[in-house]
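Q: quick one, fold the following:
(one chain, ligands or ions: 2)
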Amino acid sequence: MKTIEMHGIRKIYPDGVIALHGVDFEAEEGEIHGLLGENGAGKTTLMRILYGEIRPTEGEIKVLGRRVRYRNPRDAIKQGIAMIYQHFSLVPTMTVLDNLYLALATINPRITRSEVEARAKKLIGETGLKIPLDKVVEELPAGVQQRVEILKALIRDARILILDEPTSVLTPLEVEELFQSLKRLKEKGMTIILITHKLREVKAITDRVTVLRRGVKVGTVRTSEVTEAQLARMMVARDVELVLEKPPGIQPGREVLRIEDLWVRNNEGVNVLKGVNLSVREGEIIGVAGVQGNGQTELAEAIAGLRRPYRGRIILDSRDITMLDPMSRYKLGISYVPESRRNGLIHEMNLIENSVLTSTYSYIGRYGFIDWGRAVETALKIIREYDINPPNPYTMVKHLSGGNQQKLLVGRELVKKPRVLVVSEPTQGVDVASTEFIRRKLLELKTRGVGILLISTDLDEVIQLSDRIIVMYEGRVIGEGRTEEFTLEKLGLLMGGVSA
Ligand SMILES: Nc1ncnc2c1ncn2[C@@H]1O[C@H](COP(=O)(O)OP(=O)(O)OP(=O)(O)O)[C@@H](O)[C@H]1O
Ligand SMILES: [Mg+2]
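A: Ligands and ions are numbered 1, 2, ... in the order given. From the prediction side, this is the model:
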C-alpha cells in the first residue's frame with residue numbers, strides 16, 4: 001500500500017533558486033526507499049516539504065491516500081511522519097527518558113512520566129533498539145543518540161521515518177546496528193526513507209531507490225535490478241569512475257610536521273591526548289583512523305592552534321609553533337579543515353567572505369583594507385574548481401546544500417597551497433562524483449609536496465589515500481604502520497582498542 005504520494009512538487013526558494021521542478025515521489029508500507037542525488041539535487045528540500053518544515057510552491061501531498069496540507073512539522077508528526085537529521089534535536093543535558101517525555105508532552109500534555117517509561121520499554125523490547133533510558137543524552141555515543149531519535153519518533157507513533165544522511169556520524173559497527181533496526185521496523189510495516197550518498201548502503205538496505213538530478217526526478221527503480229555504477233550514472237548522467245588510482249608513489253621528502261609527546265585536556269579537564277607522537281613528511285599522507293571521540297578532534301585542533309596542549313611540542317619545518325595563535329600558524333602554511341562545517345563556515349556570510357576567512361591577512365591591501373576584488377576572484381576559483389552550486393559568489397552559505405558547503409570548506413583550504421594540511425572528514429555529505437574529486441585533489445596536493453594529516457572515520461578513504469596509517473584509541477596511538485600492513489579487519493580491531 002502506498003503511504004506517501006507527492007505530486008508535481010515545485011519549490012522556489014525566496015531568493016529565486018528553483019530547488020524542485022515538479023517532482024513526483026511515492027513510498028510504500030514496509031519498504032526502505034533510498035533517495036539519491038548529487039549535492040544540491042533537492043533531496044533535503046523534498047523531505048523537508050514532506051515533513052512540513054517548508055512549504056512547496058506547488059504540488060500536492062497525500063498520506064495514506066488522503067490529501068494533507070501542513071502548517072508546520074507538528075501537523076506532519078500527527079500524520080505519523082518523523083524526520084531525523086544528522087544533527088540531533090535532543091536536549092543534551094537531560095536523560096533519555098526526560099527527552100522522550102518532553103517529546104510526548106508537547107502533543108499530549110496529560111501523559112505521565114511513568115506512562116512514557118512503560119511505552120518506551122515496550123518499544124525497546126519490540127524493536128531491539130538498545131537504549132539506556134536513565135542516561136544523560138550527551139554522555140551517549142552518536143550511534144546511541146541516533147537510536148534515541150528513532151525511539152522518539154516511534155513513541156510518537158511514527159509510521160513514516162525519514163533519515164537524512166544518518167550514517168555519516170556513525171562508526172561501521174553502529175551503521176550495522178542501525179541497519180538491523182531499520183530492517184526490523186520495515187518488517188513491522190513502517191515506511192523508511194533514507195537519504196544517503198553511499199551507494200553501497202543503498203545496495204545493502206533499500207528496496208527501491210528514487211534518483212533526483214538538479215531538482216528533477218530521474219526515476220524510481222528496484223534496487224535489486226540496478227548496479228552501483230548504473231545508479232551513479234542516473235545521478236550524474238555520465239559515467240563516474242568509482243575507483244581511484246593512487247598516483248605512482250612519490251618519495252616523501254623531509255619532515256614538515258612533528259608532534260612530540262603531546263598531552264591535551266578537554267574542556268572538562270579530562271586528558272584526551274596522552275602523549276601522542278607523529279611525523280608527517282613532504283608529499284606524504286598520514287591517515288588517522290579511529291572511532292570518533294578518541295582524541296582525533298583534539299589532535300587536529302592542537303595542530304591548528306585552537307587548543308593548548310599542556311605538555312609536548314608541535315614543530316613545523318623545524319620551528320616550534322606550540323605557543324603560536326591560529327592566524328600565525330596559517331601564515332606559516334598550516335591549513336585546517338574541521339570535521340564539522342558548522343565550525344568552519346559562517347552561515348550568515350556569503351561565499352566570498354567565507355572563501356577568505358582563514359587567510360584574510362593575505363588580502364589586506366596597501367591602505368589596510370581588504371582587497372575584495374581579489375577575494376571575489378578566489379571565491380570564483382573555488383566555485384569553478386569545486387563545482388559549487390549555485391555558482392553565485394554572493395549566495396549566503398546558509399542557502400547552500402550540505403554537500404556544497406562541504407566543498408566550499410575543503411576548497412578554501414586547498415587553494416591556499418599549504419605546507420601542511422590537517423583535514424578531518426573531507427568528504428562527509430559529499431556526493432560520489434565530488435568525493436572522487438576531493439580525493440583526487442588531496443593526492444594532487446601530496447604530489448606537490450604538501451604533508452597531509454587525514455583524519456577520517458571512513459576506512460575506505462583512509463586506506464585509499466594514505467601512505468601510512470595511525471590508529472587512535474583513547475587519546476593514544478595504538479597502532480601505526482604503512483598502509484599495506486593493514487587489513488580492514490586489523491584496523492577494525494585496533495579501533496576497538498584490541499592491539500594484536
Ligand atoms: N534555505 C534555502 N534558501 C535558498 N536556497 C536553498 C535553501 N536550502 C536549499 N537551497 C538550494 O536548493 C537546492 C537544493 O538543496 P538541498 O539542500 O535540497 O539539496 P540536497 O540534495 O539535500 O543536497 P546535499 O546532498 O548537498 O545535502 C540547492 O541549490 C540549494 O542551494
Ligand atoms: Mg541534503
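Q: so what touches stretch 257-276?
A: Around stretch 257-276, the neighbours that count as contacts under CB atoms under 8 Å, 6 or more residues apart in numbering are 277-280, 295, 298-299, 302-303, 307-316, 420, 451, 453, 472, 474-477. No exception for glycine: its C-beta is placed from N, CA and C like everyone else's.
Q: if any of those are buried, put those into a PyMOL selection.
A: Those of the contacts of stretch 257-276 that count as buried under 16 or more other CB atoms under 10 Å are selected in PyMOL with:
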select buried, resi 278+280+295+298+299+302+303+307+309+312+314+315+316+420+451+453+472+475+476+477
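Q: just checking, which of the contacts of stretch 257-276 belong to helices?
A: 298-299, 302-303 (DSSP state H).
Q: possible to save those residues as TSV with pLDDT?
A: Formatted as TSV, these follow (pLDDT from 0 to 100):
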residue	pLDDT
Glu298	93
Leu299	96
Ala302	96
Ile303	97
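Q: where along the stretch 101-250 of the chain do the strands fall?
A: Using DSSP state E, counting those that start in this stretch, the strands found in the stretch 101-250 of the chain span residues 160-164, 191-195, 208-213, 216-222.
Q: run the angle between the first one and strand 191-195 for me.
A: An angle of 10 degrees separates the directions of strand 160-164 and strand 191-195 when computed by axes from the mean of the first three to the mean of the last three CA atoms, to 10 degrees.
Q: which residues touch strand 160-164?
A: Residues contacting strand 160-164 (CB under 8 Å, 6+ apart): 3-4, 27, 43-44, 47, 50-51, 63, 79-86, 150, 153, 182, 185, 190-195.
Q: whichever residue of the chain sits closest to ligand 2: which element?
A: Nearest residue of the chain to ligand 2: Thr44, at 3.2 Å (CB to the ion). Under the criterion of DSSP states H and E, Thr44 resides in helix 43-50.
Q: how about Ile131: what's its closest non-neighbour residue?
A: With CB to CB, 6 or more residues apart in numbering as the criterion, Ile131 has its nearest non-adjacent residue at 5.3 Å, and that residue is Arg147.
Q: next up, the contacts around that neighbour.
A: Counted by CB under 8 Å, 6+ apart, Arg147 has contacts 129-131, 178, 181.
Q: that one and Leu178, how far apart?
A: Note on Arg147: its distance to Leu178, by CB to CB, to the nearest Å, is 8 Å.
Q: what's near enough to touch Ile131?
A: Ile131 neighbours (CB under 8 Å, 6+ apart): 96, 120, 124, 144, 147-148, 151.
Q: where does this protein have low pLDDT?
A: 169, 237-250, 500 (pLDDT under 70).
Q: domain assignment for it?
A: Listed domain ranges for the chain are 2-236, 255-495 (source: automatic domain parsing).
Q: what is the burial count for Lys11?
A: 23 (other CB atoms under 10 Å).
Q: pretty sure it sits against Leu50.
A: No - contact criterion CB atoms under 8 Å: Lys11 and Leu50 do not qualify, at 11.6 Å.
Q: now the spatially closest residue to Gln296 that is not a sequence neighbour: phi and psi?
A: Sequence neighbours aside, Ile455 is the residue nearest to Gln296 in space, at 4.8 Å (criterion: CB to CB, 6+ apart). Backbone torsions for Ile455, taken as degrees, to the nearest 10, come to phi -100, psi 120.
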